[in-house]
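Visitor: Provided below for reference: sequence and predicted model.
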Amino acid sequence: MIYTVTFNPSLDYVVDVKTFKTGQVNRTEQEKMFPGGKGINVSIVLNHLGLKSTAWGFLAGFTGEEISKRLDEEGVNTDFIQVEKGISRINVKLRSTEETEINGQGPMIRSTDIEKLYAKLDTLKTGDVLVLAGSIPDVMPQSIYMDIMKYLEGKDVMIAVDATRELLANVLPLHPFLIKPNNHELGQLFGVTISSKEDVKKYAAKLQEQGARNVLVSMAGDGAVLLTEEGKAFESEAPEGKVKNSVGAGDSMVAGFLAGYLKNKDYAQAFKMGVCTGSASAFSEELATKEEVEQLLKNHAFPF
């Protein structure tokens, strides 16, 4: 079974305003609302690809109820922890001549709430997959990803981590099955600017030396690179298409990679699936569908 954890889910309210001006009333040309959060995105895309997962995390208030309702409508299994104080956040994404984001804070997560999450972790079995993705609310210990992985040591659970800076660096000695930084996040870890695939390979190899088993690096329009625990390196240019919305593309790549790997345990096929799933989301206003992914797999020429 696959489980995803989103510590700070959101309702993403996306509005288009032709020419936004401060200090006056602005009218939207288009508006949409989605359940948001990196782990939630992974669960939605996995569901689109025909793989069931269960979304874990913390919800609160009327916004939490709406997130849960929308995921139910998507057909995503959920088992969230209900938090008493506060509300799940609303993130406003304003698209105009410039893009602006206003992200909410989220609810007050207590130690007793975190204990409930650990009780869920106790149910994981050998061969299960756990996806830890996204940022951590300020009210939670910033070591939580590392703490969870230490807690699960010896359980033979495949853990994928999609996080930045210390959240990612701290888990490397615990040998996560998969990490997926983008090239900018990879550069931040080493204090360098990374723009070429050769640079990506060089620094991704350093993350393997620190303990990561497989390193998948997204490079937006420049494609992606995968270094596997088998000592192989795969790279690809990005499929051709018009980018409509980059939000969720990286999460979709994680979902596609896992879906591809779990099908036949083949890293080359997993990489192809990850690249095409991430691109399919970028080329759509919403998250990738199975049909969109299959079309890119058919049309994109990989160099291997």
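Guide: Received it, and whenever you're ready, just let me know what you need.
Visitor: who's in contact with Gly191?
Guide: By Cβ atoms under 8 Å, 6 or more residues apart in numbering, the contact set of Gly191 is empty. In short, each C-beta sits where N, CA and C put it, glycine included.
Visitor: Quick check, pLDDT for it.
Guide: Predicted confidence (pLDDT) for Gly191: 92.
Visitor: what's the answer for the one 5 residues further on, then?
Guide: At Ser196, the predicted lDDT confidence score is 91.
Visitor: thought Met140 was touching Asp113?
Guide: No. Using Cβ atoms under 8 Å, Met140 makes no contact with Asp113, being 9.1 Å away.
Visitor: between those two, what contacts are shared?
Guide: By Cβ under 8 Å, 6+ apart, no residue touches both Met140 and Asp113.
Visitor: Please identify which helix or strand holds Ala212.
Guide: Counting by DSSP states H and E, no helix or strand carries Ala212.
Visitor: and it, how many neighbours?
Guide: 26 (other Cβ atoms under 10 Å).
Visitor: cool, Thr123 as well?
Guide: Close neighbours of Thr123, defined as other Cβ under 10 Å, add up to 10.
Visitor: Assumed Cys276 was part of a helix.
Guide: Yes. According to DSSP: H, G, I helix; E, B strand; the rest coil, Cys276 belongs to a helix.
Visitor: Shouldn't Lys32 be within a helix?
Guide: No. Per three-state DSSP, Lys32 lies outside any helix segment and is strand.
Visitor: Secondary structure class of the residue nearest to it when sequence neighbours are not counted, three-state.
Guide: Leaving aside its sequence neighbours, Lys32 sits nearest to Val14 (Cβ to Cβ, 6 or more residues apart in numbering; 4.8 Å). Following three-state DSSP, the label given to Val14 is strand.
Visitor: Specify the beta-bridge partners of Val14.
Guide: Lys32, Lys93 (DSSP bridges).
Visitor: roughly how far is stretch 129-138 from the heart of the chain?
Guide: 8 Å (Cα atoms, centre = their mean, to the nearest Å).
Visitor: could you pull out the strands for the protein?
Guide: Remark: strands assigned in the chain by DSSP state E are 2-6, 10-16, 30-36, 53-59, 77-78, 81-82, 89-95, 99-102, 129-133, 158-162, 178-179, 214-218, 224-227, 233-236.
Visitor: list the buried ones in the third one?
Guide: Meaning strand 30-36. Within strand 30-36, the residues scored as buried using 16 or more other Cβ atoms under 10 Å are 34-36.
Visitor: so it versus strand 10-16, what angle?
Guide: 160 degrees (axes from the mean of the first three to the mean of the last three Cα atoms, to 10 degrees).
Visitor: before we move on, back to that, based on its surroundings, how many neighbours for the residue nearest to Lys32?
Guide: Residues near Val14, counting by other Cβ under 10 Å, number 20.
Visitor: Report the contact partners of the nearest residue to Asn214 once chain neighbours are set aside.
Guide: In space, and not counting its chain neighbours, Asn214 is closest to Leu178: 4.9 Å by Cβ to Cβ, 6+ apart. Counting by Cβ under 8 Å, 6+ apart, Leu178 makes contact with 158-161, 212-216, 254, 257-258.
Visitor: next one: Glu66
Guide: 11, 35.
Visitor: show me the contacts for the residue nearest to Lys32.
Guide: Counted by Cβ under 8 Å, 6+ apart, Val14 has contacts 31-34, 93, 95.
Visitor: gap between it and Gly61?
Guide: Between Val14 and Gly61 the computed distance is 21 Å (Cβ to Cβ, to the nearest Å).
Visitor: and if you look at His175?
Guide: Using Cβ to Cβ, which is the criterion applied here, His175 is 38 Å from Gly61.
Visitor: Compare neighbour counts for those two and give me the winner.
Guide: The neighbour count for His175 versus Gly61, taken as other Cβ under 10 Å, is higher for Gly61 (17 against 14).
Visitor: I'd assumed Gln82 was in contact with Gly57.
Guide: No. Applying Cβ under 8 Å, one finds Gly57 not in contact with Gln82, separated by 10.7 Å.
Visitor: What is the burial count for Gly64?
Guide: Around Gly64 there are 23 residues (other Cβ under 10 Å).
Visitor: Could you report the distance from it to Asn8?
Guide: Noted for Gly64: a distance of 11 Å to Asn8, by Cβ to Cβ.
Visitor: Can you show me the helices along the chain?
Guide: 38-48, 61-74, 111-121, 144-151, 165-169, 183-190, 197-209, 249-264, 267-282, 290-299 (DSSP state H).
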